[in-house]
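# Please work out how this folds:
(chains A and B)
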Amino acid sequence: MDLIEKIGKIFFYLISSIGKIIHFIFFFFKYAIKPKFYLKNNLKYFVDIFVSSIPIIALTGFFSGMVLALQSYTGFSRFSAESAIPNIVVLTLTRELGPVLTALMISARVGSSIAAEIATMRVTEQIDALKTLNTNFYNYLVTPRVLSLTLALPIFVTLVDFIGVMGGYIVSVFRLGFNENIYLINTINFLSFADYFSGIVKAIIFGFIIAIVSCYNGLYSDKGSFGVGTATTNAVVTSSILILIFNYILTELFF
Amino acid sequence: MNIEIKNLSKSFGEISVLKNISMNIKNNKSTIILGKSGCGKSVLLKIIYQMINSDEGEISYGGKKNIDIDIFGMLFQYGALFDSLTVAQNIAFIDHINGINNYQKKVLSSMNDVGLHSVNYDKFPSEISGGMKKRVALARAIYKNPKVIFLDEPTTGLDPINSDMINELILRIIKKKKMTAITITHDIQSALKTGDEFFFIDEGIVECYGNCNEMLKIKNYKLNEFLAGVKKLQKTK
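Numbers count the residues shown, from 1 in each chain, chains lettered A, B, ... in the order given. Got it, this is the predicted structure:
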């Protein structure tokens, strides 16, 4: 009986959480479509995210590109297909590693900070204070974060793609002895717009997921410092899992 | 503005927080809502402020059922200042987020009303003391010149000197600006000093009410027990 009760409780918890998230997304769209648009606040948030994330994004792209070139060489050299390395590096980065790694890094870097900030605001009654000041928290807190991340992630992914290709180029030319011109020509000729576009669509969806999940966890956090910690962890874990699941779904769509 | 509350009830799940509450909050008077922690005071305050809805009952604000909350101001228990904004931006929050930038004069006037030196204008909440944070929060609450001000445990977290100072300030402001004040507290000294009338709530029910200057004379078992408990605690301290 205890087991059935526990399963029932988990089931109801899951159903109520899904309901809450749908309700949350519905209200986000409701206020985003008919907004009281705090332009200064939105711009400030976009710039903050952008500036603070560039170094970590650049490092991710650079080292991923370098490792990808080295690992591809290990595999391709076994059947004398080293010339495919530029193609594999650019294809893997634009279609797969660029969007996924960027999203995971941004989830850890920005998503956690969004969840912690909003959860702290909830604990210290700042969310209630917004209500008393006749300010809708969707307009003031959620919209800038969702819009900023949804718009910033495609830019980050473009940057990771470019820096990653450069990382692969440096390893291939200076470590593996590739001809620099042929490497670049192969990269440019092989890349199609559809490859880049599929990565950008993924980035937009991942950005939206990170922002919505982080804002939701912050707003529905438990009270106290423990609640802030749990909200932050939940935001990163949930968005990371959703990124991986949606990555598969989107890859199937663009296959 | 008179605020009339009739048969108000509120539950959270199976827990009934407010049970059939009725009270009349008089215009330009300072009304104190007294009670132990967890008795439903904060929930009542949030319902009156229209931050949450009641399950049953109704509230009439000067004869109207719905009112724009711009005529309300609120001082939170721990200030609830926005960490990322300066003192001035906190006080003029509404103007600041709506891109109205010429609020300096109005902010300085509000700061002056609560006894805050202009040197704090550009400081962040983390750079000022607890007492000053309360003053900033009070300045934010009165910035829009509200008709009704809500004070949630205004002396919580302050030492006796600062508590006394905040009580004096509240008293002076509500008299000067002719506001209706609703304070929730379990601080008897604060209630006696700043209140005209009081309502004592216990387990979600209005146990008794009356004038603050007669509070200590009223014979009600639960109120007397509450007052005795507070006195005992003060002696222990």
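# Quick one: neighbours of B:Ile52, just the number.
Other residues within reach of B:Ile52 by the criterion other C-beta atoms under 10 Å in any protein chain shown amount to 13. (Glycine included, C-beta is placed from N, CA and C.)
# Quick check: closest non-adjacent residue to it.
Excluding the flanking residues, the one nearest B:Ile52 by C-beta to C-beta, 6 or more residues apart in numbering or on different chains is B:Lys46, at 4.9 Å.
# Spatially nearest residue to the residue most central in space within chain A, not counting backbone neighbours?
Chain A has A:Ala103 as the residue nearest its centroid, 2.4 Å off, counting by C-alpha atoms, centre = their mean. Nearest residue to A:Ala103, sequence neighbours excluded (C-beta to C-beta, 6+ apart): A:Phe206, at 3.7 Å.
# residue boundaries of the helices in the chain?
Defaulting to chain A. With DSSP state H, the ranges of helices along chain A come out as A:2-33, A:39-76, A:85-92, A:98-106, A:112-123, A:126-132, A:137, A:143-174, A:180-190, A:193-219, A:224-254.
# right idea, wrong chain: chain B
Read by DSSP H, chain B holds these helices, from start to end of the chain: B:41-48, B:87-91, B:93-97, B:104-113, B:130-142, B:160-176, B:188-194, B:221-236.
# rank the ones you listed by mean pLDDT and give me the bottom one.
Averaged per stretch, pLDDT over the helices of chain B is lowest on helix B:221-236, reaching a mean of 74.
# B:Met179: what's it in contact with?
Applying C-beta atoms under 8 Å, 6 or more residues apart in numbering or on different chains, one finds that B:Met179 lies in contact with B:28, B:142, B:146-149, B:173.
# which ones among these are found in strands?
Secondary structure from DSSP state E places B:148-149 of these in strands.
# Would stretch B:96-116 count as contacting chain A?
Yes: Stretch B:96-116 is in contact with chain A by C-beta under 8 Å from any C-beta of the partner chain, via B:97-99.
# Which member of those residues is positioned nearest A:Thr124?
Minimum distance to A:Thr124 across those is 18.5 Å, recorded for B:Ile97 (C-beta to C-beta).
# ok, the nearest residue to the closest one once chain neighbours are set aside - how many residues close by?
If you skip the residues right next to it in sequence, B:Ile97 has A:Tyr38 as its closest partner in space, 5.3 Å away by C-beta to C-beta, 6+ apart. Here the count is done by other C-beta under 10 Å, and A:Tyr38 has 19 residues near it.
# quick one on the thing from earlier: dump the contacts of B:Met179 into JSON lines; add distance to A:Ile249 as well.
Conversion of the contacts of B:Met179 to JSON lines gives the following (distance: C-beta to C-beta, whole Å):
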{"residue": "B:Asn28", "distance to A:Ile249": "62"}
{"residue": "B:Ile142", "distance to A:Ile249": "53"}
{"residue": "B:Pro146", "distance to A:Ile249": "51"}
{"residue": "B:Lys147", "distance to A:Ile249": "54"}
{"residue": "B:Val148", "distance to A:Ile249": "52"}
{"residue": "B:Ile149", "distance to A:Ile249": "53"}
{"residue": "B:Ile173", "distance to A:Ile249": "58"}
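# Pipe the contacts of B:Met179 into TSV and attach neighbour count and distance to B:Asn162 per row.
Putting the contacts of B:Met179 into TSV (neighbours: other C-beta atoms under 10 Å in any protein chain shown; distance: C-beta to C-beta, whole Å) gives the following:
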residue	neighbour count	distance to B:Asn162
B:Asn28	16	27
B:Ile142	21	18
B:Pro146	19	24
B:Lys147	19	27
B:Val148	23	25
B:Ile149	22	19
B:Ile173	19	16
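# Quick check: the farthest pair among the contacts of B:Met179?
Of all pairs drawn from the contacts of B:Met179, the one with the largest separation by C-beta to C-beta is B:Asn28 and B:Ile142; the distance is 15.0 Å.
# thinking again about what came up before, I figured the residue nearest to B:Ile52 was touching B:Ser54, is that so?
No: counting by C-beta atoms under 8 Å, B:Lys46 sits too far from B:Ser54 to count as a contact (9.9 Å).
# Neighbours of the closest residue to A:Phe24 other than its chain neighbours, how many?
The shortest distance from A:Phe24 to any non-neighbouring residue, by C-beta to C-beta, 6+ apart, is to A:Tyr216 (5.1 Å). By the measure other C-beta under 10 Å, the count of residues near A:Tyr216 is 26.
# Please name the residues that touch B:Asn10.
Just so we're on the same page, residue B:10 is Lys rather than Asn. Remark: with contacts taken as C-beta under 8 Å, 6+ apart, B:Lys10 is in contact with B:16-18, B:40, B:43, B:47, B:52, B:54-55.
# what's the closest of those to A:Val236?
Each of the contacts of B:Lys10 was scored against A:Val236 by C-beta to C-beta, and B:Ile52 proved nearest at 30.6 Å.
# Let me see the confidence value for that closest one.
90.
# Residues of chain B that sit close to chain A?
Taking C-beta under 8 Å from any C-beta as the test, the list of chain B residues beside chain A reads B:46, B:49, B:51, B:68-70, B:72-74, B:76-78, B:80-83, B:93-94, B:97-99, B:140, B:150.
# I'd like to know which of these are buried.
Burial by neighbour count, 16 or more other C-beta atoms under 10 Å in any protein chain shown: within those this picks out B:46, B:49, B:51, B:69, B:72-74, B:76-78, B:80-82, B:93-94, B:97, B:140, B:150.
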